[in-house]
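Enquirer: give me a 3D structure for the following:
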Amino acid sequence: MIIREQELLSGHTTFRIGGPAKYYLVPESIDEVKQAIAFAKEKKLPFYVLGKGSNMLFSDEGYEGVIIEIGKGLEKISIEGTKVKAQSGISLSAMAVKLADAGLAGFEFASGIPGTLGGAVAMNAGAYGGEIKDCIVSATVLTEAGDTIELAKDELQLGYRTSVIQKAHYIVLGAEFSFGKGETSAIKKIMKELNQRRREKQPLEYPSAGSTFKRPEGYFAGKLIQDAGLKGYRVGDAQVSEKHCGFVVNRGSATADDVKQLIAEVQTKVKDAFGVELEPEVRIL
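Expert: Modelled structure (predicted):
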């Protein structure tokens, strides 16, 4: 298992922000995941499990604990008919391509989400009208006590950007899915169209953590922010995207404090203007 000390977290998040982690571990098997957690407990340090770092904002001071990256070595996928089993480290884009090649439809929505399966299951990731809960059958997780258990779909309590995994601090090891049959060419055409829409509407030219705020009931966060006159609003190098106001982007050298201050000011101004509380979707550690 790879163990690094004082590893800069800015190199492991899509925001490109974050100071050093005391320890940075990359387990390449389920046994090594358990060993990584044992390492943290032995050192009496907190730990945090990371995938692609696509929904994270780490402190400028870093993390005085153990970061466990689940990815390399935990990317296996098996396809039998319409049933699919995949490990939590596989990227959503790679999984979407494999499913398309196998003529399985229903995962196109995830093809452009820049994360891993583990994070997607934990937060019930979704885009363009699709969500993980639409196709998942069950998930295998590691509990805080170190037990491996399987949770059926209804036990996962999947809601809008939430699940029992987050509430109980489980670690996703893998999941099983069921998909419909389709034509590979038609599936890939849909994926291409969705990714084109993403490129046209989202500020992919700058580092960000995706949608900064959850969608308030009955509203769209980006429209509320734009209507509050905050398009392009900046704190340091953190900016409300001029392309899509639902995104806070790093214009080059934004600090975590810049981003946190910008988020707080956006929340205050939207609340004052419309009486709506915006809740961050990005995780701040």
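Enquirer: isn't residue 88 right up against residue 165?
Expert: No. Counting by Cβ atoms under 8 Å, residue 88 sits too far from residue 165 to count as a contact (10.5 Å). Bear in mind the C-beta positions are built from the backbone N, C-alpha and C, glycine included.
Enquirer: ranges for the strands of the stretch 51-200 of the chain?
Expert: Under the criterion DSSP state E, counting those that start in this stretch, strands of the stretch 51-200 of the chain are mapped to 56-57, 63-69, 77-80, 83-87, 104-105, 126-127, 130-131, 136-142, 148-152, 171-178, 180-181.
Enquirer: now mean neighbour count and distance to residue 199 too, for these, in a markdown table please.
Expert: Converted to a markdown table, the strands of the stretch 51-200 of the chain look like this (neighbours: other Cβ atoms under 10 Å; distance: least, Cβ to Cβ, whole Å):
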| stretch | mean neighbour count | distance to residue 199 |
| --- | --- | --- |
| strand 56-57 | 22 | 23 |
| strand 63-69 | 21 | 27 |
| strand 77-80 | 13 | 26 |
| strand 83-87 | 20 | 26 |
| strand 104-105 | 21 | 22 |
| strand 126-127 | 18 | 13 |
| strand 130-131 | 17 | 18 |
| strand 136-142 | 21 | 27 |
| strand 148-152 | 14 | 35 |
| strand 171-178 | 22 | 26 |
| strand 180-181 | 10 | 27 |
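Enquirer: is it possible to get a markdown table of the ones you listed that adds mean pLDDT?
Expert: Listed next are these as a markdown table, based on pLDDT from 0 to 100:
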| stretch | mean pLDDT |
| --- | --- |
| strand 56-57 | 96 |
| strand 63-69 | 97 |
| strand 77-80 | 98 |
| strand 83-87 | 98 |
| strand 104-105 | 98 |
| strand 126-127 | 92 |
| strand 130-131 | 96 |
| strand 136-142 | 98 |
| strand 148-152 | 97 |
| strand 171-178 | 98 |
| strand 180-181 | 97 |
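Enquirer: quick one: closest of those to residue 198.
Expert: Ranking these by distance to residue 198, with Cβ to Cβ as the measure, places strand 126-127 first at 8.0 Å.
Enquirer: that closest one pairs with which strands?
Expert: The partner list of strand 126-127 in its sheet, established with DSSP bridges, is strand 130-131 (antiparallel).
Enquirer: first-to-last residue distance for stretch 63-76?
Expert: End-to-end distance of stretch 63-76 (Cα to Cα, to the nearest Å): 30 Å.
Enquirer: average pLDDT across stretch 11-25?
Expert: When pLDDT is averaged along stretch 11-25, the result is 97.
Enquirer: buried set for that stretch?
Expert: By 16 or more other Cβ atoms under 10 Å, the buried positions in stretch 11-25 come out as 12-25.
Enquirer: joint contacts of residue 88 and residue 165?
Expert: Overlap between the neighbourhoods of residue 88 and residue 165 consists of 121, 172, taking contacts as Cβ atoms under 8 Å, 6 or more residues apart in numbering.
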